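J.: Sharing a sequence plus its predicted fold:
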Amino acid sequence: MNRKVTVVGGAGNVGATVARSIAEKALADVVIVDIADQKAAGVALDILETCPIIGSDSRVIGGSDYAQTANSDVVVVTSGVPRKPGMSRDDLLNVNFNIMKAVTAEVVKHSPNAIIVPVANPLDAMCQAVYRLSGFPRERVIGMAGVLDSARMSAFVAMELGVSVENVHSFVLGGHGDTMVPLPRYSTVAGVPLTELLPKDRIDAICTRTANGGAEITKLVGTSAWYAPGAAAAEMVECILKDTKKILPCSVFLQGEYGINNLFVGVPVKLGARGVEQIIEITLTPEEDAALKKSAGAVKELTDVIGV
């Protein structure tokens, strides 16, 4: 294969899930980079040995040397300290910011034309850090958050209504945190707005569970989720490599869209080979707009702390 995707932090749960998903779909060759070099090599070998079973010709290698990542098309950054029970995404701010500094320098050095997909929390602030540190255009730094949040909402809607998840399309905007903004009005089941299918109390319960989706899993498992986040990042990579032009909710750098300036916030975007090819602006009610601005404000508090 002549496409290459690097997964930084790929020896961890989320990174390994991303790497496996990409190899499973034969989207590209995969390089797993991690400070735990032997584990990275072992995870890569395990995934590589899976490829004959699933019929994929992806090459998968791993280690700690960024030289092997040279000229990657996409770099998914999953490295960072995972969330522990009782820990908010924001508690991770400073430690993960320092990790982003080191990772971004290596990515810029070895893959100056790559598209970077940050996954580490607090997501929107880490995206802004990578964007500022890399000097890349905003189209090439795209945070994975909304795909995951929308998937969680869709799972809960499908469970509530007893329908196929393929019929459900959920819409979540805002920062990847407690202030995210699920939009039931734009969420549909077989084209029918969710607001016509469920009473307000059930919709409110789904929205609350969606906003707390990460914390719910952390409480149950003892660490951050990895299957759904990994699959979400892999879907973004697929859209980029295949140039699908699929519209997905992602954290991107806004410059006036939605009345928000110079800040990474989750909004619907068209993803393709150039990264963010269009930011889709939808009409919000005053209440929805206020919730989005509040979510953006929470992101800005974090970016101010780390000076990005």
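T.: Nice, I can see it. Residues are numbered from 1 along each chain as shown.
J.: The closest residue to G135 other than its chain neighbours: which element?
T.: The spatial neighbour of G135 that comes closest, neighbours along the chain excluded (CB to CB, 6 or more residues apart in numbering), is V108 at 7.2 Å. Backbone N, C-alpha and C define where each C-beta goes, glycine included. Per DSSP states H and E: V108 is located in helix 93-110.
J.: Quick check: next helix or strand after that helix?
T.: strand 115-118.
J.: helices or strands up against the following helix or strand past that following strand?
T.: Once the chain leaves strand 115-118, the next helix or strand it forms, by DSSP H and E, is helix 123-134. Contacts defined by 3 or more CB pairs under 8 Å, 6 or more residues apart in numbering; DSSP states H and E place helix 123-134 against helix 93-110, strand 115-118, strand 246-255, strand 261-272, helix 286-306.
J.: hang on, isn't the residue nearest to G135 packed against S134?
T.: Yes: with contacts counted by CB atoms under 8 Å, V108 reaches S134, the gap being 5.3 Å.
J.: one step back: which of the helices and strands packed on helix 123-134 has the highest mean neighbour count?
T.: Among those, judged by mean count of other CB atoms under 10 Å, the one packed with the most neighbours on average is strand 115-118 (a mean of 28).
J.: Need the per-residue pLDDT for D90.
T.: For D90, the pLDDT comes out at 68.
J.: actually D29, not the one I wrote
T.: On the pLDDT scale, D29 gets 98.
J.: burial count for the residue nearest to it when sequence neighbours are not counted?
T.: Among residues not flanking D29 along the chain, R59 sits closest, at 4.3 Å (CB to CB, 6+ apart). Around R59 sit 15 other residues, with neighbours defined as other CB atoms under 10 Å.
J.: residues contacting K242?
T.: By CB atoms under 8 Å, 6 or more residues apart in numbering, K242 lies in contact with L27.
J.: Next one: it from H110, what distance?
T.: 24 Å (CB to CB, to the nearest Å).
J.: same deal with S79?
T.: Distance from S79 to H110, by CB to CB: 15 Å.
J.: same check, this time on V117
T.: In terms of CB to CB, V117 sits 16 Å off from H110.
J.: try D204
T.: 47 Å.
J.: Check V157 too.
T.: 42 Å.
J.: How about V77?
T.: 13 Å.
J.: And the contacts of the helix or strand that contains V7?
T.: Using DSSP H and E, V7 falls within strand 4-8. For strand 4-8, the external contacting residues (CB under 8 Å, 6+ apart) are 15-16, 18-19, 22, 27-34, 69, 71-79, 103, 107, 111, 114, 237, 241.
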